[in-house]
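[1] quick one: sequence plus predicted model below, questions after.
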Amino acid sequence: MKEVMAIIRTNKVNVTKRALAEVGFPAFLCRPCLGRGKKPMDTRVFNLAVKAGALPVSAAGEAMTEGDRLIPKRFFTIIVQDDQAPLIVKTIIKANQTGNPGDGRIFVLPILESHGVRTGNCSFRMTREGGEKTWA
């Protein structure tokens, strides 16, 4: 099994939910997060907009002009079979790609075990021998 983690723009949540449901994956976890990428934010654009009167001078406007500001994003987590991970990655990219910095990042990790909280049963375990999967 694989865990696909995606950090995306907040305005792309509904598009992503719809795209995942259309390819047969309506179950996922989505939570708010704050972060920023490697590229520094160009505050000159915001400062020029404030000076030109395009943005009102307010707490929100000031927050937008901070160079080290953390940007609101959404963090998706989806657990799928190994062979389904490429489809999930492709679907998320297609739904979120704008060609601009800040489109997001996707990580794919192996799942070693899965336990049900209600029953305590281990429903999936990765074996050490050759990396084969066994269902308990």
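    Now that the structure is in, tell me what you want to look at.
[2] CA only for contacts and neighbour counts going forward, please
    Fine.
[3] the strands in the chain, which residues?
    Along the chain, counting by DSSP state E, strands occupy 2-9, 29-35, 71-80, 104-110, 113-115, 122-126, 133-134.
[4] looking at the ones you listed, which is buried most?
    Most buried of those by mean neighbour count (mean count of other CA atoms under 10 Å) is strand 2-9; its value is a mean of 20.
[5] what angle sits between it and strand 29-35?
    50 degrees (axes from the mean of the first three to the mean of the last three CA atoms, to 10 degrees).
[6] just the CA coordinates of strand 2-9, formatted as CSV?
    Extracted C-alpha coordinates of strand 2-9, given in CSV (Å, rounded to 0.1, in the frame of the first residue of the first chain):
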residue,chain,number,x,y,z
LYS,A,2,1.0,3.6,-0.5
GLU,A,3,0.2,6.9,1.1
VAL,A,4,-0.1,9.8,-1.3
MET,A,5,0.3,13.2,0.4
ALA,A,6,-0.4,16.3,-1.5
ILE,A,7,-0.1,20.0,-0.5
ILE,A,8,-2.2,22.1,-2.8
ARG,A,9,-3.7,25.6,-3.1
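[7] worst average pLDDT in the strands of the chain?
    Sorting these by mean pLDDT places strand 133-134 lowest, at a mean of 56.
[8] pull the longest helix from the chain.
    helix 85-96 (DSSP state H).
[9] mind listing what's buried in that one?
    Within helix 85-96, the residues scored as buried using 16 or more other CA atoms under 10 Å are 85, 88-89, 91-93, 95-96.
[10] which of the residues in stretch 15-30 are buried?
    Quick answer for stretch 15-30 (16+ other CA under 10 Å): 16-17, 19-20, 25, 30.
[11] the residues you listed in helices, which ones?
    Applying DSSP H to these, the entries found in helices are 16-17, 19-20.
[12] now the residues you listed in TSV, with pLDDT and distance to Thr77?
    Shown next, in TSV, are these (pLDDT from 0 to 100; distance: CA to CA, whole Å):
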residue	pLDDT	distance to Thr77
Thr16	97	12
Lys17	96	12
Ala19	97	15
Leu20	97	12
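[13] hang on, the earlier thing: among the buried residues of stretch 15-30, which two are most distant?
    Ala19 and Cys30 (14.2 Å; CA to CA).
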